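A.B. asks: Using only what follows, build the 3D model:
(one chain, ligands or ions: 2)
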Amino acid sequence: MTRTALITGITGQDGAYLASFLLDKGYRVHGIHRRSSTDNLERVAHLGDRVQLHCGDLLDSHSLLRLLEQTTPHEVYNLAAQSFVPASFDQPLLTSEVTALGALRLLEAIRQFDTSIRYYQASSSEMFGRVQQEPQNEMTPFWPRSPYGVAKVYAHWITINYRESYGIFACNGILFNHESPWRGKEFVTRKISDAVARIKLGRQKTLRLGNLDAQRDWGFAGDYVQAMWRILNHKTPDDFVIATGVKHSVLEFAELAFEHADMDFREFVEVDPGLLRPADVHTLCGDASKARSELKWEPKVDFRELVGMMVEADLARLNGEWGGG
Ligand code: NDP
Ligand code: GDR
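C.D. replies: Ligands and ions are numbered 1, 2, ... in the order given. You can find the predicted model right below:
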């Protein structure tokens, strides 16, 4: 029987990679997107009518229930969120409504419609925030450092609560930072790769960054969406850390990205104190050994390959040669 998946946040980076992955696995794929006055379907355009798109919003319970009834999914992937950490300091209430209560609205709709639906929650390493242990695993206590991180902790625990209370196959993937050529331009990796390409082609002179010392465990989004599917198709519902286990600083990312285009970052990077956050997460590094042993999941793309892939894609984009794959 053909399996059916419903993805929230299909227009985002992970939504596009997950939709493509599930289609290749033979799934029928439905996606929920917000109505917009401008086209926001760029990342899924290449999938054409293989993906069925529906208007809905995590702020609107009725649209979620209606779309469950219309699409009758076996699996629901909740990837939608206000996902940009700095914006969560400017709009903490909106972030909580979407990122925290949005998960609850979707779980409630599942509870009302069909408790046999499997539910994936996009949990985040930002929940570890001021880290209590290095590296972080499923047992590490949370200490979120932003309204976004706090909202993700709520969504994480309400997912566990619906699993324990109603027997729903509800799981959290605690994913560390993952990037790709489809990453939004406000996130630091894509901001850097885009700037490197522009500077290389003479269209930009400098790159202004905030905290250069922040360290992240960066992986490739294409690898990480495979973990989402493995989590939902595991024998029992559970929570998993997904990470590479290797961390690098923002400075190292910038250095390598400029080097990839035969440039020296010291000539172009400027520090802008205005880009520092009220409270930042200084270091994150994940321990994915549970996913490795129970899900047989492994990241394939390493840091150097990821940086090179992103710079190459942005150079190709600016030259009008990028296919979007
Ligand atoms: P993006 O920011 O690229 O995508 C977020 C998606 O959520 C977009 O499709 C956006 O729609 C949608 N969205 C926002 N608000 C609403 C709403 N009110 N109703 C419905 N949809 C909404 O995020 P990523 O793809 O990078 O991440 C996917 C998920 O994983 C997010 O929940 C994120 O918080 C989480 N995560 C991401 C990590 C990463 O490193 N990428 C790591 C750990 C967790 P629109 O296009 O209209 O804005
Ligand atoms: P993050 O990603 O906050 O980890 O959240 P982001 O790329 O925004 O920041 C990573 C680190 O880089 C530092 N930094 C800058 N960040 C941005 N955006 N712009 C800059 O100019 C800049 N200079 C330095 C930041 O201070 C930070 O320490 C991402 C999102 O995808 C979340 O949704 C997800 O949950 C987490 O990753 C895991």
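A.B. asks: Now do the helix of greatest length in the chain, average pLDDT.
C.D. replies: As assigned by DSSP state H, the longest helix anywhere in the chain is helix 147-166. For helix 147-166, mean pLDDT rounds to 98.
A.B. asks: So which elements touch that helix?
C.D. replies: helix 85-90, helix 92-95, helix 101-113, strand 118-124, strand 170-175 (3 or more C-beta pairs under 8 Å, 6 or more residues apart in numbering; DSSP states H and E). The C-beta positions use only the backbone N, C-alpha and C, and glycine is treated the same way.
A.B. asks: next one: that helix to chain centre, how far?
C.D. replies: 17 Å (C-alpha atoms, centre = their mean, to the nearest Å).
A.B. asks: again, but for stretch 133-142
C.D. replies: Distance, centroid of stretch 133-142 to centroid of chain: 19 Å (C-alpha atoms, centre = their mean).
A.B. asks: So that stretch, near ligand 1 or not?
C.D. replies: No - figure legend: stretch 133-142 not in contact with ligand 1 (C-beta under 6 Å from any ligand atom); closest approach 12.6 Å.
A.B. asks: Quick one: mean pLDDT over that stretch.
C.D. replies: Stretch 133-142 comes out with an average pLDDT of 98.
A.B. asks: With just CA atoms, put it into CSV.
C.D. replies: Provided in CSV are the C-alpha atoms of stretch 133-142 (Å, rounded to 0.1, in the frame of the first residue of the first chain):
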residue,chain,number,x,y,z
GLN,A,133,27.5,18.3,29.2
GLU,A,134,29.8,17.8,26.3
PRO,A,135,28.9,16.3,23.8
GLN,A,136,25.1,16.5,24.2
ASN,A,137,22.9,13.3,24.0
GLU,A,138,19.3,12.4,24.7
MET,A,139,19.9,12.5,28.5
THR,A,140,21.5,16.0,28.6
PRO,A,141,19.4,18.5,30.5
PHE,A,142,18.0,21.5,28.6
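A.B. asks: mind listing what's buried in that stretch?
C.D. replies: 135-138, 140, 142 (16 or more other C-beta atoms under 10 Å).
A.B. asks: Spatially nearest residue to the residue of the stretch 201-325 of the chain found nearest ligand 1 (excluding sequence neighbours)?
C.D. replies: Closest approach between the stretch 201-325 of the chain and ligand 1, counting by C-beta to the nearest ligand atom: residue 221, at 6.5 Å. Once flanking residues are discounted, residue 221 sits nearest to residue 180: 4.0 Å by C-beta to C-beta, 6 or more residues apart in numbering.
A.B. asks: Look up how far residue 172 lies from the one residue in the chain that gets nearest to ligand 1.
C.D. replies: Nearest residue of the chain to ligand 1 (C-beta to the nearest ligand atom) works out as residue 12 at 2.1 Å. Plainly put, residue 12 is 18 Å away from residue 172 if you go by C-beta to C-beta, to the nearest Å.
A.B. asks: Residue 134 now?
C.D. replies: According to C-beta to C-beta, residue 134 and residue 172 sit 21 Å apart.
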